[in-house]
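Engineer: any chance you could fold what I've pasted below:
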Amino acid sequence: MGQTTQVRTYTVKDGRLDEWVRRWREEIVPLRLEFGFSLGGAWIDREFNHFIWEISYDGPESFAERNQQYWDSPLREAMDLDPKDYLVSTNVREVVRVY
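Structural biologist: A predicted model of the protein is given here:
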(Lines give C-alpha, C1' and ligand atoms only; values in the text may rest on other atoms or scores of the structure.)
Protein backbone atom coordinates (compact mmCIF):
# COMPACT_ATOMS: atom_id res chain seq x y z
CA MET A 1 0.00 0.00 0.00
CA GLY A 2 2.92 2.37 0.63
CA GLN A 3 4.05 4.05 3.80
CA THR A 4 1.89 6.69 5.40
CA THR A 5 3.32 8.92 8.12
CA GLN A 6 1.44 11.27 10.39
CA VAL A 7 2.68 13.91 12.79
CA ARG A 8 0.19 14.29 15.61
CA THR A 9 0.11 17.26 17.97
CA TYR A 10 -2.09 17.00 21.02
CA THR A 11 -2.86 19.78 23.45
CA VAL A 12 -3.09 18.07 26.83
CA LYS A 13 -5.25 19.24 29.73
CA ASP A 14 -3.47 21.21 32.44
CA GLY A 15 -1.79 18.94 34.97
CA ARG A 16 -2.23 15.78 32.86
CA LEU A 17 0.82 15.87 30.57
CA ASP A 18 3.09 13.58 32.59
CA GLU A 19 0.30 11.07 33.19
CA TRP A 20 -0.58 11.13 29.47
CA VAL A 21 3.05 10.49 28.50
CA ARG A 22 3.33 7.62 30.97
CA ARG A 23 0.16 5.93 29.73
CA TRP A 24 1.10 6.55 26.09
CA ARG A 25 4.49 4.87 26.60
CA GLU A 26 3.23 1.98 28.71
CA GLU A 27 -0.07 1.20 26.99
CA ILE A 28 -0.44 2.83 23.59
CA VAL A 29 3.07 2.29 22.22
CA PRO A 30 3.18 -1.50 22.72
CA LEU A 31 -0.23 -1.98 21.12
CA ARG A 32 0.55 0.32 18.20
CA LEU A 33 3.72 -1.69 17.57
CA GLU A 34 1.75 -4.93 17.82
CA PHE A 35 -0.54 -3.60 15.08
CA GLY A 36 2.43 -2.96 12.79
CA PHE A 37 2.80 0.78 13.24
CA SER A 38 6.23 2.32 13.68
CA LEU A 39 6.92 5.35 15.81
CA GLY A 40 9.50 7.91 14.75
CA GLY A 41 9.63 9.71 18.07
CA ALA A 42 7.65 11.69 20.59
CA TRP A 43 8.25 15.09 22.13
CA ILE A 44 6.64 17.34 24.73
CA ASP A 45 6.43 21.12 24.78
CA ARG A 46 5.64 21.98 28.38
CA GLU A 47 5.13 25.67 27.64
CA PHE A 48 2.07 24.89 25.52
CA ASN A 49 1.11 21.51 27.07
CA HIS A 50 1.75 19.86 23.70
CA PHE A 51 2.53 16.22 23.05
CA ILE A 52 3.87 15.65 19.53
CA TRP A 53 4.53 12.27 17.98
CA GLU A 54 5.22 10.63 14.65
CA ILE A 55 3.49 7.43 13.61
CA SER A 56 3.84 5.46 10.36
CA TYR A 57 2.31 2.40 8.78
CA ASP A 58 3.55 0.47 5.77
CA GLY A 59 1.53 -2.69 5.30
CA PRO A 60 -1.13 -4.41 3.23
CA GLU A 61 -3.98 -2.21 4.51
CA SER A 62 -4.22 1.55 4.30
CA PHE A 63 -3.23 3.59 7.33
CA ALA A 64 -6.90 4.38 7.93
CA GLU A 65 -7.94 0.72 7.78
CA ARG A 66 -5.18 -0.40 10.13
CA ASN A 67 -5.89 2.49 12.47
CA GLN A 68 -9.56 1.46 12.64
CA GLN A 69 -8.53 -2.12 13.44
CA TYR A 70 -6.41 -0.75 16.29
CA TRP A 71 -9.31 1.29 17.68
CA ASP A 72 -11.78 -1.59 17.30
CA SER A 73 -9.53 -4.13 18.99
CA PRO A 74 -10.56 -5.61 22.35
CA LEU A 75 -7.02 -4.90 23.58
CA ARG A 76 -7.47 -1.17 22.92
CA GLU A 77 -10.85 -1.20 24.60
CA ALA A 78 -9.39 -3.01 27.62
CA MET A 79 -6.99 -0.10 28.21
CA ASP A 80 -9.86 1.96 29.59
CA LEU A 81 -8.06 5.03 28.26
CA ASP A 82 -10.33 7.67 26.75
CA PRO A 83 -8.32 10.41 25.02
CA LYS A 84 -11.04 12.92 25.97
CA ASP A 85 -9.96 12.52 29.60
CA TYR A 86 -6.52 13.90 28.68
CA LEU A 87 -6.66 15.87 25.44
CA VAL A 88 -8.08 19.31 24.75
CA SER A 89 -7.43 19.16 21.01
CA THR A 90 -5.65 17.13 18.35
CA ASN A 91 -4.00 18.09 15.08
CA VAL A 92 -3.10 15.28 12.68
CA ARG A 93 -1.06 15.94 9.57
CA GLU A 94 0.02 13.47 6.94
CA VAL A 95 3.61 14.18 5.96
CA VAL A 96 6.11 12.93 3.38
CA ARG A 97 9.77 12.46 4.27
CA VAL A 98 12.14 14.39 2.02
CA TYR A 99 15.32 13.69 3.96
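
Engineer: now the helices for this structure?
Structural biologist: Counting by DSSP state H, the chain has helices at residues 17-23, 29-34, 63-72, 74-78.

Engineer: how far does the longest one sit from its chain's centre?
Structural biologist: Put plainly, it is helix 63-72. Chain-centre distance of helix 63-72: 12 Å, with Cα atoms, centre = their mean, to the nearest Å.

Engineer: ok, now stretch 14-25?
Structural biologist: On Cα atoms, centre = their mean, the centre of stretch 14-25 falls 13 Å from that of its chain.

Engineer: ditto for stretch 80-92
Structural biologist: With Cα atoms, centre = their mean, you get 10 Å for stretch 80-92.

Engineer: give the buried residues for that stretch.
Structural biologist: 86, 87 (16 or more other Cβ atoms under 10 Å). The way it works is simple: take the backbone N, C-alpha and C, and place the C-beta from them, glycine included.

Engineer: repeat for stretch 24-31
Structural biologist: Judged by neighbour count (16+ other Cβ under 10 Å), stretch 24-31 contains these buried residues: 24, 27, 28, 29.

Engineer: I'd like the mean pLDDT over it, please.
Structural biologist: The pLDDT scores in stretch 24-31 average 98.

Engineer: how long is that stretch end to end?
Structural biologist: For stretch 24-31, the first-to-last residue distance is 10 Å (Cα to Cα, to the nearest Å).

Engineer: low-confidence ranges in this protein?
Structural biologist: The chain contains residues with pLDDT under 70 at 1.

Engineer: which one of the buried residues of stretch 24-31 sits closest to residue 81?
Structural biologist: residue 27 (6.1 Å; Cβ to Cβ).

Engineer: ok, for that closest one, nearest residue in space, not its chain neighbours?
Structural biologist: Among residues not flanking residue 27 along the chain, residue 79 sits closest, at 5.1 Å (Cβ to Cβ, 6 or more residues apart in numbering).

Engineer: quick one: contacts for that neighbour?
Structural biologist: 27, 28, 31 (Cβ atoms under 8 Å, 6 or more residues apart in numbering).
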